[in-house]
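Undergrad: mind looking at a prediction? Sequence and model below.
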Amino acid sequence: MNKTFLIFLMIGTAMMIAVIGQHTPKVQLDYMPWQIDILDDGTSRAFGITLGKTTVQEANQIFANFAETRLYSEPSGAEVLTHRLVARYNQLTIGGLVAEIQLDYQIKKSDLQSIYKKLTSADSNNDP
C-alpha cells in the first residue's frame with residue numbers, strides 16, 4: 001500500500017511540475033534601452049520608435065501590446081492647468097527586463113483643453 005501511494009504521489013508531483021512549467025512566453029522585444037539610433041534626418045529612434053514620428057498605433061504594433069491612455073492635468077501657475085495625454089505600456093519585456101514605457105501624444109493645447117472639458121463635463125453628468 002505504501003509503495004503504491006508513493007508511486008502515485010511521485011507521478012502526481014511530476015504531472016504538477018509539468019503543468020506548472022508550461023507557460024506561454026510573453027513577446028520579448030529585441031531592443032535594449034541603451035540602443036539609440038540617430039537617423040539621417042536628425043531624429044532619434046529608441047525601442048524601434050522614431051521620436052516625433054511614430055504614431056501610437058504603430059507603437060502598439062512594435063510593442064505587440066495596447067497602451068493605457070491617460071490625461072494628466074497639472075497646475076502650472078495661477079489656476080492654469082497644463083494637460084498631457086499619455087500612452088502607457090505596462091509589463092513590457094525588453095531584453096529580459098520588465099519595463100514600463102510612457103509615450104506623450106503630440107497634440108495641440110486647444111485639443112487637450114477640449115478633451116479635458118469633455119471629460120470633466122462627462123464626470124459631472126455622471127454624479128448622482
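TA: Alright, I've got the coordinates.

Undergrad: quick check: mean pLDDT across the longest strand along the chain?
TA: In the chain, taking DSSP state E as the definition, the longest strand is strand 81-94. For strand 81-94, mean pLDDT is 85.

Undergrad: just the buried residues of it, please?
TA: Burial within strand 81-94, assessed by neighbour count using 16 or more other CB atoms under 10 Å, is assigned to 83, 85, 87, 89, 92, 94. Glycine gets a C-beta too; all of them are placed from N, C-alpha and C.

Undergrad: need the next SSE after it, C-terminal direction.
TA: strand 97-104 (DSSP states H and E).

Undergrad: and that next one with strand 81-94, angle?
TA: Counting by axes from the mean of the first three to the mean of the last three CA atoms, to 10 degrees, strand 97-104 lies at 150 degrees to strand 81-94.

Undergrad: quick one: list the elements packing against the following helix or strand past strand 97-104.
TA: Using DSSP H and E, the helix or strand that follows strand 97-104 in sequence is helix 109-126. Packing contacts for helix 109-126, counted by 3 or more CB pairs under 8 Å, 6 or more residues apart in numbering; DSSP states H and E, involve strand 68-75, strand 81-94.
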